[in-house]
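> I'd like to go over a predicted model; first the sequence, then the structure.
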Amino acid sequence: KAGVTQTPRYLIKTRGQQVTLSCSPISGHRSVSWYQQTPGQGLQFLFEYFSETQRNKGNFPGRFSGRQFSNSRSEMNVSTLELGDSALYLCASSLGVREDLYNEQFFGPGTRLTVL
Amino acid sequence: AQTVTQSQPEMSVQEAETVTLSCTYDTSENNYYLFWYKQPPSRQMILVIRQEAYKQQNATENRFSVNFQKAAKSFSLKISDSQLGDTAMYFCAFMKKGSGGSNYKLTFGKGTLLTVNP
């Protein structure tokens, strides 16, 4: 089974631009979560999607948004980029069913975003 | 809100020796999971070991074991017979067990960079 894939792997943007990152989950997984990883703040939860619906959201400004498609692929968008948005963006997928059971999250390799 | 604290930013160990990484957490929840994740240099984050809060028995996965002290809110990772491939950033993480997507929100510590020396 193919793992979680993220595209692009590296991205350079300038302040004020917007960016879209993509995440393809493991086949059969319906939940996709996004995390931001920076040296200063560490790993922070952005949001989680299941069946095209956002179920949970972290403490990020509205410039950060996401969506999920019917095939469970997810995209996240950052508008009006700031220097502080430079980070490794990780997505993780899981089966997302039976909330009374543990659903392991599998992480992708990440997209390294640099904002100049 | 939950917090996870890893007080050791960096550690090193000699190959074949044992090392323990510390983690403390704070939560008012009663049902939750605790994890140790490993992030090797320029490679994907992978799950090392998981502990369910209601289980008193400490989890073990081959050379990796945890010491879970629920009352003290402590969750340390012991790596036995350290190998060069264990060199990585290790993250302690917390996840509430619940509904509405809360099962999928991981709260991470800042990480401990472990270097295994030959």
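Looks like it arrived, so ask away.

> A:Tyr89 touches A:Glu75, doesn't it?
No - the criterion here is CB atoms under 8 Å, and A:Tyr89 misses it with A:Glu75 at 11.1 Å. C-beta coordinates here come from the backbone N, C-alpha and C atoms, glycine included.

> bridged to B:Thr107, which residues?
On the basis of DSSP bridges, B:Thr107 is bridged to B:Phe94.

> quick one: residues contacting it.
Contact partners of B:Thr107, counting by CB atoms under 8 Å, 6 or more residues apart in numbering or on different chains, are A:Phe45, B:Gln2, B:Thr3, B:Val4, B:Ala93, B:Phe94, B:Met95.

> in ChimeraX, how would I select just the buried ones from those?
Filtering those down to the buried ones (16 or more other CB atoms under 10 Å in any protein chain shown) takes a single ChimeraX command:
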select /A:45 /B:2,4,93,94,95
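
> pLDDT added to the contacts of B:Thr107, as a markdown table?
Output for these, formatted as a markdown table (pLDDT from 0 to 100):
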| residue | pLDDT |
| --- | --- |
| A:Phe45 | 95 |
| B:Gln2 | 88 |
| B:Thr3 | 95 |
| B:Val4 | 97 |
| B:Ala93 | 97 |
| B:Phe94 | 95 |
| B:Met95 | 92 |
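
> between the contacts of B:Thr107, which sits nearest B:Asp81?
Distances from B:Asp81 to the contacts of B:Thr107, taken as CB to CB, are shortest for B:Ala93 (24.2 Å).

> that closest one and chain A, how far apart?
Between B:Ala93 and chain A the distance is 8 Å, computed by CB to the nearest CB, to the nearest Å.

> my guess is that residue meets B:Gln6, correct?
No - assessed by CB under 8 Å, B:Ala93 is found out of contact with B:Gln6, at 10.2 Å.

> give me the most central residue, the chain.
Since no chain was named, I'll use chain A. Residue closest to the average C-alpha location in chain A (CA atoms, centre = their mean): A:Trp34, at 2.9 Å.

> that's the wrong chain, I meant chain B
The residue lying closest to the centre of chain B (CA atoms, centre = their mean) is B:Trp36, at 2.6 Å.

> angles on the backbone of that residue, please.
Reported as degrees, to the nearest 10, the phi and psi values for B:Trp36 are phi -120, psi 130.

> all strands of chain A, in order?
Along chain A, counting by DSSP state E, strands occupy A:5-7, A:10-13, A:19-24, A:31-38, A:42-50, A:53-57, A:64-68, A:74-78, A:87-94, A:106-107, A:111-115.

> separation between the residue in chain A positioned nearest to chain B and B:Ala72?
Residue of chain A nearest chain B, by CB to the nearest CB: A:Arg55 (2.7 Å). Using CB to CB, to the nearest Å, A:Arg55 is found at 32 Å from B:Ala72.

> right, I'll call it a day here.
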